[in-house]
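> Curious how this folds, go ahead:
(2 chains)
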Number of protein chains: 2
Amino acid sequence: MKVDVFFTPAGIEETAFNDKIVVVIDVLRASTTMITALENGAKEIIPVVEVEDALKVASSLFNERPILSGERHGKVIQGFDLGNSPDEFAASVVSDKSLVFCTTNGTKAILKAKSAKILALCAFLNVSVVKEFVLRTENLEYNLVILCAGKENRFSLEDAICAGLLVDKLLADKRGQSIALSDSATAARILYEKFRGNELAALRESEHGRYLASLGFAKDIEAAARIDVSQALPIMEDSIIRLQKVEKRKFKRVD
Amino acid sequence: MKVDVFFTPAGIEETAFNDKIVVVIDVLRASTTMITALENGAKEIIPVVEVEDALKVASSLFNERPILSGERHGKVIQGFDLGNSPDEFAASVVSDKSLVFCTTNGTKAILKAKSAKILALCAFLNVSVVKEFVLRTENLEYNLVILCAGKENRFSLEDAICAGLLVDKLLADKRGQSIALSDSATAARILYEKFRGNELAALRESEHGRYLASLGFAKDIEAAARIDVSQALPIMEDSIIRLQKVEKRKFKRVD
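Got it, this is the predicted structure:
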């Protein structure tokens, strides 16, 4: 398996994701928050890029009004139910609900990679679950692309470190398989090694971490820096993200 | 001064370079080769993106036929005089000549940043000269953007390490000035630290290094990995790259 990392979705053709296992990372905060919501019982998440798309999707759902959630510049969108803080998505709020999710970078990255063979969401919270899934999927028939959301086409340290942690875990547990790293995958791993054991400090010092703290979201950074606290494996199929159920967890191709 | 690094030119608006000092890095091989050509007496270099533009520019120069140089997929362009290997640009070949230069990633990055207040070319060859120039320019009035050419909108390890070396040198010699690093500048410096003293090995192991070696250009990699062997400071003004002359080296704004 060849492991590649894109530090941002910029300049990458959508066809680059065809036939790949794609793991999308937006540590601060979209993938962290979506993992939390699904872990807490949300039925499904429909990711959209534009606010108008969120409203359109919401009005097209017949059975129930979904929860509208997301952010612009880190803040809750006017008229939406929830923002993008993990702790807003408690079981009492999201259990059995459909969510429409609209964020500046995370959902954009997810939808850019929608032609992936398999698309999974990853954050520090569930990195070992994702590692396990990747290693078991079709005996490494497909190449892996780790797609960092970044920030407005810019490199984000927290996403790169999380990508590096996933690369590190894959290499540590590759079970005799050959794994080749691209330049960017090598770089991500080096960045992770530098901050190993100091992930929270790294997130706090990152540009977006400091921005979120300035908005009063310091608690979200702490929530996002916890490693392997979740067993949730969010998978996107037909543009809808759902939890991969335990009974379906045969790590077979989802198509 | 705020120091920022773009690992590729992808997704960055051209206006992002306005009023910035921009340092363009394409270690393998465009910036290495252009520095070598100017060091060896080339009069000027006109960078272009497309092969047709090279031919148009060449036919528009009245006084002399310029040397057409550059590459596609690492190889010399059909009908061109030279490729993109530093050792093709000896003094006996380029002295007092105008060059039209057309490469896949390097010249594209340079021209994307043409709205820069000052645009300089950097490689391992001349990194301390660039550092000195940046530190003296207008007392750090402008922010610095280090633009890595990358490869087809992808991250390149060799460019990132060279960017990190420049960041490292700026921090080591900042003369009491305050220098703030973006996430990507922090990352570049960490990557450089990892390969400090092993730059040649890093270049050889990089994706593009291996590709060039497979084409028979292993010697170019050795040439590109030499640190501070050149005093050349190539500056682009009005879309033409010339050596900043020693007598003009007051490190004042070039405009």
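> Need the pLDDT of residue A:53.
Residue A:53 is assigned a pLDDT of 94 by the prediction.
> is it true that it touches residue A:102?
Yes. Residue A:53 lies in contact with residue A:102 (CB atoms under 8 Å); the separation is 7.2 Å. Placement of C-beta: from N, CA and C, glycine included.
> ok, residue A:17 to residue A:95 distance?
In this view, residue A:17 and residue A:95 are 32 Å apart by CB to CB, to the nearest Å.
> wait, residue A:155
According to CB to CB, residue A:155 stands 36 Å off from residue A:95.
> Please identify which of those two sits among more neighbours.
residue A:155 (26 against 13; other CB atoms under 10 Å in any protein chain shown).
> What residue in the stretch 151-255 of chain A comes nearest to chain B?
Across the stretch 151-255 of chain A, the shortest distance to chain B (CB to the nearest CB) belongs to residue A:153, at 3.2 Å.
> That residue touches residue B:11, doesn't it?
Yes. Contact criterion CB under 8 Å: residue A:153 and residue B:11 qualify, at 3.2 Å.
> Mind listing the shared neighbours of the two?
Listed contacts common to residue A:153 and residue B:11 are A:8, A:9, A:10; contacts here mean CB atoms under 8 Å, 6 or more residues apart in numbering or on different chains.
> Let me see the contact set for the second one.
Counting by CB under 8 Å, 6+ apart, residue A:9 touches A:108, A:109, A:112, A:113, A:147, A:149, A:150, A:153, B:11.
> would a markdown table of those with pLDDT be doable?
Below are the contacts of residue A:9 laid out as a markdown table (pLDDT from 0 to 100):
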| residue | pLDDT |
| --- | --- |
| A:108 | 95 |
| A:109 | 97 |
| A:112 | 96 |
| A:113 | 97 |
| A:147 | 98 |
| A:149 | 98 |
| A:150 | 97 |
| A:153 | 94 |
| B:11 | 93 |
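> Of these, which belong to helices?
A:108, A:109, A:112 (DSSP state H).
> if you count what's nearby, which of residue A:53 and residue A:102 comes out ahead?
residue A:102 (27 against 16).
> Bridged to that one, which residues?
Taking DSSP bridges, one obtains residue A:48, residue A:70 as the residues bridged to residue A:102.
> Now name the helix or strand holding residue A:35.
Taking DSSP states H and E as the definition, residue A:35 sits inside helix A:30-39.
> ok, and what's touching that helix?
Contacts of helix A:30-39 (CB under 8 Å, 6+ apart): A:24-26, A:45, A:69, A:84-86, A:88-89, A:94, A:99, A:101, A:103, A:105-107, A:110, A:121-126, A:149, A:220, A:223-224, A:230-232, A:234, A:241-243.
> what pLDDT, on average, does it get?
pLDDT averaged over helix A:30-39 gives 98.
> what separates it from the chain centre, distance-wise?
Taking the mean of its C-alpha atoms, helix A:30-39 sits 8 Å from the chain's own mean (CA atoms, centre = their mean, to the nearest Å).
> Also stretch A:154-161?
With CA atoms, centre = their mean, you get 13 Å for stretch A:154-161.
> Please enumerate the helices of the stretch 101-250 of chain A.
Remark: helices assigned in the stretch 101-250 of chain A by DSSP state H, counting those that start in this stretch are A:106-112, A:127-136, A:157-172, A:183-195, A:199-205, A:207-214, A:218-224.
> what sits against residue A:186?
residue B:157.
> try it again with 10 Å
Shown in contact with residue A:186 (CB atoms under 10 Å, 6 or more residues apart in numbering or on different chains): A:3, A:5, A:164, A:167, B:155, B:157, B:191, B:194, B:202, B:205, B:206, B:207.
> For PyMOL, write the selection for the buried entries among those.
A single PyMOL command selects the buried members of the contacts of residue A:186 (16 or more other CB atoms under 10 Å in any protein chain shown):
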select buried, (chain A and resi 3+5+164+167) or (chain B and resi 155+157+191+194+202+206+207)
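> re earlier: any common contacting residues for residue A:53 and residue A:102?
With contacts taken as CB under 10 Å, 6+ apart, residue A:53 and residue A:102 have A:46, A:47 as neighbours in common.
> Pass me the low-pLDDT residue ranges in the stretch 51-200 of chain A, would you?
A:138-141 (pLDDT under 70).
> so which of the helices of the stretch 101-250 of chain A comes closest to residue A:79?
Among the helices of the stretch 101-250 of chain A, the nearest to residue A:79 by CB to CB is helix A:106-112 (17.3 Å).
> That closest one and chain B, any residue contact?
No. If you take CB under 10 Å from any CB of the partner chain as the test, helix A:106-112 misses chain B, and the best it gets is 11.1 Å.
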